[in-house]
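Asks: got a sequence here, can you build the structure:
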Amino acid sequence: MAVDGKTVRGTRRPDGTRPHLVAAVHAGVVLAQRQTTAKRGETACFTGLLEPLDLHGTVVTADALHTVRDHAAWLVDTKSAHYIVIVKSKIPAPSPAAQAPPVARVQMGDRTRDRAHGRDETRRLKVCTVNDLLFPHAAQAGLVNGAACDHYRDRPDHALQLLGPAM
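Replies: Predicted structure coming up:
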């Protein structure tokens, strides 16, 4: 199941702002949806959005905006769910040991190269065990490093993904 927010295009409120919706989606079906006041309201409605759903054993994915330690702990402790979140460097480490995740020292596990839509794309993957190091109940961390080169520019893309309790 994925949690994500989108600003509705083609409509405006009387004050000129656009509605912003946060949804929980599985296989293209919206399971729950809430309207927020703005994009920054997405984080505040995360638990309220998922509360009525039975998430036992479900893997919940979310983008970097929803990478909040309290939400990860709530998913595991209250809803018996697993999680995969994107962790960017702006998120403060909970301890000095977590400032340099061990995944940075792991040898590359997989590398793929593709050419599609007029660009060359290379992705590198590393995975290691972290045991609660970065997030509550986190079992693994993976580093996905991708670079896409097209006719216009280089676009590097870095993400750290955490998988909640060992599956």
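Asks: next one: the residue lying closest to Val59 once chain neighbours are set aside from Gly118, what distance?
Replies: Closest residue to Val59 apart from its sequence neighbours, by Cβ to Cβ, 6 or more residues apart in numbering: His82 at 4.6 Å. (C-beta placed from N, C-alpha, C; glycine too.) Here His82 is placed at a distance of 37 Å from Gly118 (Cβ to Cβ, to the nearest Å).
Asks: try Asp15
Replies: 42 Å.
Asks: so which of these two has more stuff around it?
Replies: Gly118 (8 against 5; other Cβ atoms under 10 Å).
Asks: give me the phi and psi angles of the more buried one.
Replies: phi 80, psi 20 (degrees, to the nearest 10).
Asks: centre of the chain to whichever helix in the chain runs longest, how far?
Replies: Counting residues, the longest helix found in the chain (DSSP state H) is helix 69-77. Distance of helix 69-77 from its chain centroid, counting by Cα atoms, centre = their mean, to the nearest Å, is 14 Å.
Asks: which strands or helices does it pack on?
Replies: Applying 3 or more Cβ pairs under 8 Å, 6 or more residues apart in numbering; DSSP states H and E, we find helix 69-77 packed against helix 46-50, strand 82-87.
Asks: report the inter-axis angle for that helix versus strand 82-87.
Replies: 160 degrees (axes from the mean of the first three to the mean of the last three Cα atoms, to 10 degrees).
Asks: all numbers from here: first residue = 38
Replies: Renumbered: residue one is now 38, and that last one reads helix 106-114.
Asks: tell me which residues in helix 106-114 are buried?
Replies: Neighbour-count burial for helix 106-114 flags 108-109, 111-113 (criterion: 16 or more other Cβ atoms under 10 Å).
Asks: need those in JSON lines with distance to Leu102 and pLDDT, can you?
Replies: Below are the buried residues of helix 106-114 laid out as JSON lines (distance: Cβ to Cβ, whole Å; pLDDT from 0 to 100):
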{"residue": "His108", "distance to Leu102": "11", "pLDDT": "92"}
{"residue": "Ala109", "distance to Leu102": "14", "pLDDT": "90"}
{"residue": "Trp111", "distance to Leu102": "16", "pLDDT": "94"}
{"residue": "Leu112", "distance to Leu102": "15", "pLDDT": "94"}
{"residue": "Val113", "distance to Leu102": "20", "pLDDT": "92"}
